[in-house]
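> Quick check, what structure comes out for this input:
(one chain, ligands or ions: 2)
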Amino acid sequence: MTLQFPFDNTYARLPEQFFARVTPAPVRAPRLVRVNAPLATRLGLDPEWLASEAGVAVLAGNRVAEGSEPIATAYAGHQFGNFVPQLGDGRAILLGEVIDLAGERRDIQLKGAGRTRFSRGGDGRAALGPVLREYIVSEAMGALGIPTTRALAAVVTGEAVRREELLPGAILTRVASSHIRVGTFQFFASRGDVDGLRVLADYAIARHYPDAAHAERPYQALLDGVIRAQASLIAEWMLVGFIHGVMNTDNMTITGETIDYGPCAFMDAYDPQAVFSAIDEYGRYAYFRQPAIGQWNLARLAECLLPLLADDADAALAAAQGSLDAYASSFEQAYQGRLRQKLGLFTACAGDAELGRDLLEAMGAHHADFTLTFRGLSEASAGDEDDGGGRRLFADPSAYDAWAARWRRRLEREPMDAATRRNAMLAVNPAYIPRNHRVEAVIRAAVDNDDFAPLHELVTVLSRPFDAQPAFAQYADPPAAHERVLRTFCGT
Ligand code: AMP
Ligand code: MG
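Ligands and ions are numbered 1, 2, ... in the order given. Okay, the predicted model is just below:
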């Protein structure tokens, strides 16, 4: 047999408390839903082989590919603020790692491939709906240029899974820079396993933050790197109107990639209080709370690293605090820089932050669509007659007019010519995001009618979020009142 996956595994070489070896549980009648050909090619895999019977058998867990050393990784985590000392991959199985064409190491993982030692009461399976949601949203995120895990393939299993009702089962093949979470550090720290912690930190440095190895204090440099990566990631989420929905510490990577798309959502009308997740009863993970929750989660990571930061407890605490103090400015810098670009401001001036804040405030007060407002500004920036349609998005368009007058005065101080600015703005303000009602419609067609055509069309449109696609203009539209989806479910 030729080597279809050029596996080169490192995590499976770590000490045995890091994972459990496990074989995916075969499924009855696997069938390919979709394979991500461009991603496959970038990983050095043959998309045609992946779509073949032998490939689908691997993607379904019915065959273990040569060189694969399947494991379920161990981790802990704070779930909605409560610490759970043992979580771990209860329904995900890491097949192994490959080096992609850019020389980056990537994990290849099956999600929904059967029970593991960490499954607790769960069945180890995934339902088709959540698999499609993760496929669509993670690929959309990637196309938006926001760090994320990716979807390599989805298959249906030919078996039913029992949730509230019986649903078709499916398996997602997920690709990530790694699956090391804040919760992975918590797993070792909460057991007082400082040796394990050090092995993990050294591994994380070697794999993700190689420069930290040469820093004066490598472990603090690791912490600083994670803080910067997460601050930047969450700033990006905020500026596309993304709500993760379950920012538990086990759902936060140390690479700064978005991971674990459960009850996530992109907002339509701007609403800082927005919460979609049905399980987020108290709005802990509401849109506007995400930056603060990020900091809270990073404080948990800093606590874990204390034994490595200094021999002396006070010195370790001071070091951790010093690193955490940088989060707010890191976030602000990433956020304001990105917001300026979205407004067509390519130089920094006093008052820019207020200008951005006041736009968002007016959008909130007048229920303006987040995505279309910024897209409209891109057109309006070049002096478009009806202001890019943006003003019509405001319940009271005069609120837009008052703000836009200030914005135009500010644009006069920009050196860039109008056409260049318009193009630059169109390249950072998407037309197409995975709107909830579109995602739901895809899921309904797939689950109720075994019809995957809407999935393929949506994924194709979302792969070019910044391009005008006249044939698919309706995909840019917000939902009509009766189409609005107000609740999303993680479906575990
Ligand atoms: P999540 O909400 O997907 O981040 O999952 C939280 C924890 O529950 C993780 O440890 C998962 O592995 C586990 N889990 C979620 N769904 C299942 C399932 N169907 N079977 C087994 N474990 C699960
Ligand atoms: Mg998770």
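> mind listing the helices in the stretch 351-492 of the chain by residue range?
352-365, 370-380, 397-411, 418-426, 436-449, 453-462 (DSSP state H, counting those that start in this stretch).
> name the helices or strands packed onto the longest one?
If I follow you right, that is helix 397-411. helix 352-365 (3 or more Cβ pairs under 8 Å, 6 or more residues apart in numbering; DSSP states H and E). (Each C-beta comes from the backbone N, C-alpha and C, glycine too.)
> Can I get the helix it packs on in CSV, CA atoms only?
C-alpha atoms of helix 352-365 as CSV (Å, rounded to 0.1, in the frame of the first residue of the first chain):
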residue,chain,number,x,y,z
ASP,A,352,-10.3,57.6,15.4
ALA,A,353,-11.2,55.3,18.3
GLU,A,354,-14.2,57.6,19.1
LEU,A,355,-15.3,57.7,15.5
GLY,A,356,-15.3,53.9,15.4
ARG,A,357,-17.1,53.6,18.7
ASP,A,358,-19.7,56.1,17.7
LEU,A,359,-20.5,54.3,14.5
LEU,A,360,-21.0,51.0,16.5
GLU,A,361,-23.1,52.8,19.0
ALA,A,362,-25.4,54.2,16.2
MET,A,363,-25.5,50.8,14.6
GLY,A,364,-26.6,49.3,17.9
ALA,A,365,-29.2,51.9,18.5
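> Residues touching that helix, excluding its own?
Residues from elsewhere that reach helix 352-365 (Cβ atoms under 8 Å, 6 or more residues apart in numbering): 269-272, 336, 339-340, 343, 345, 368, 370, 373, 394-395, 399-400, 402-403, 406-407, 410.
> Can you tell me which of these are classed as buried?
The neighbour count (16 or more other Cβ atoms under 10 Å) marks 269-271, 336, 339-340, 343, 345, 368, 370, 373, 394, 399-400, 403, 407, 410 as buried among the contacts of helix 352-365.
> one step back: most neighbours per residue, which of the helices of the stretch 351-492 of the chain?
With neighbours taken as mean count of other Cβ atoms under 10 Å, the helices of the stretch 351-492 of the chain reach their highest mean count in helix 370-380, at a mean of 24.
> Next, work out how far apart residue 468 and residue 427 are.
Shown here: residue 468 relative to residue 427, a distance of 12 Å by Cβ to Cβ, to the nearest Å.
> wait, residue 187
Distance from residue 187 to residue 427, by Cβ to Cβ: 41 Å.
> Of these two, which one has the most company?
Under the neighbour definition other Cβ atoms under 10 Å, residue 187 and residue 427 were set side by side, and residue 187 has more, 26 against 13.
> domain parsing for this protein?
11-179, 183-341 (automatic domain parsing).
> and of the ones you listed, who's closest to residue 379?
For residue 379, the closest of the domains of the chain is domain 183-341, at 15.8 Å, according to Cβ to Cβ.
> Compute the first-to-last residue distance for the closest one.
34 Å (Cα to Cα, to the nearest Å).
> what does the protein have sitting close to ligand 2?
Counting by Cβ under 5 Å from the ion, the chain comes close to ligand 2 at 251, 260.
> If you count residues, where's the longest strand of the chain?
In the chain, with assignment by DSSP state E, the single longest strand is strand 150-162.
> Quick check: which helices or strands does that one pack against?
strand 31-35, helix 37-42, helix 53-59, helix 128-143, strand 166-176.
> where along the stretch 201-350 of the chain do the helices fall?
218-238, 290-309, 313-342.
> To ligand 1, which of those helices lies closest?
In terms of Cβ to the nearest ligand atom, the element of the helices of the stretch 201-350 of the chain nearest to ligand 1 is helix 290-309, at 13.5 Å.
> buried sites along the closest one?
Here helix 290-309 shows 290-291, 293-295, 297-309 as buried, counting by 16+ other Cβ under 10 Å.
> got it, and stretch 483-492?
485, 488, 489, 490, 491, 492.
> from those residues, which are also near ligand 1?
The residues of these that also fall near ligand 1, by Cβ under 6 Å from any ligand atom, are 490, 492.
> of the buried residues of stretch 483-492, closest to residue 229?
residue 490 (24.2 Å).
> From what I see, the closest one and residue 251 are in contact.
No: between residue 490 and residue 251 there is no contact under Cβ atoms under 8 Å: 10.2 Å.
> How about the chain: which residue is closest to ligand 2?
In the chain, the residue that lies nearest ligand 2 is residue 260 (3.9 Å; Cβ to the ion).
> who does the spatially most central residue of the chain bridge with?
For the chain, residue 258 is the residue whose C-alpha lies nearest the centre (Cα atoms, centre = their mean; 2.5 Å). With DSSP bridges as the criterion, residue 258 is bridged to residue 148.
> hang on, isn't it packed against residue 146?
Yes: assessed by Cβ under 8 Å, residue 258 is found in contact with residue 146 at 6.6 Å.
> shared neighbours, those two?
233, 237.
> Correct me if wrong: residue 9 contacts residue 97.
Yes: if you go by Cβ under 8 Å, residue 9 and residue 97 touch, sitting 5.3 Å apart.
> any idea how far residue 412 is from residue 433?
Counting by Cβ to Cβ, the gap from residue 433 to residue 412 is 31 Å.
> Same question for residue 452.
Counting by Cβ to Cβ - residue 452 and residue 412 are separated by 50 Å.
> When these two are compared, which one has more neighbours?
Applying other Cβ under 10 Å to residue 452 and residue 412 shows that residue 452 carries more neighbours, namely 19 against 6.
> who's in contact with that one?
33, 34, 445, 446.
> which ones are touching the nearest residue to the second one once chain neighbours are set aside?
Leaving out its chain neighbours, the residue that sits closest to residue 34 by Cβ to Cβ, 6 or more residues apart in numbering is residue 154, at 5.3 Å. By Cβ under 8 Å, 6+ apart, residue 154 lies in contact with 32, 33, 34, 131, 132, 135, 170, 171, 172, 173.
> try 7 Å
Applying Cβ atoms under 7 Å, 6 or more residues apart in numbering to residue 154 gives the contacts 33, 34, 131, 132, 135, 170, 172.
> which residues does it bridge with?
Bridge pairing for residue 154 - DSSP bridges - gives residue 34, residue 172.
> Okay, now the unreliable bits of the stretch 301-450 of the chain?
Applying pLDDT under 70 to the stretch 301-450 of the chain flags residues 384-385.
> Let's see that with 80 instead.
383-388 (pLDDT under 80).
> Nearest spatial neighbour of residue 453, chain-adjacent residues omitted?
Using Cβ to Cβ, 6+ apart, the nearest residue to residue 453 is residue 445, at 7.4 Å.
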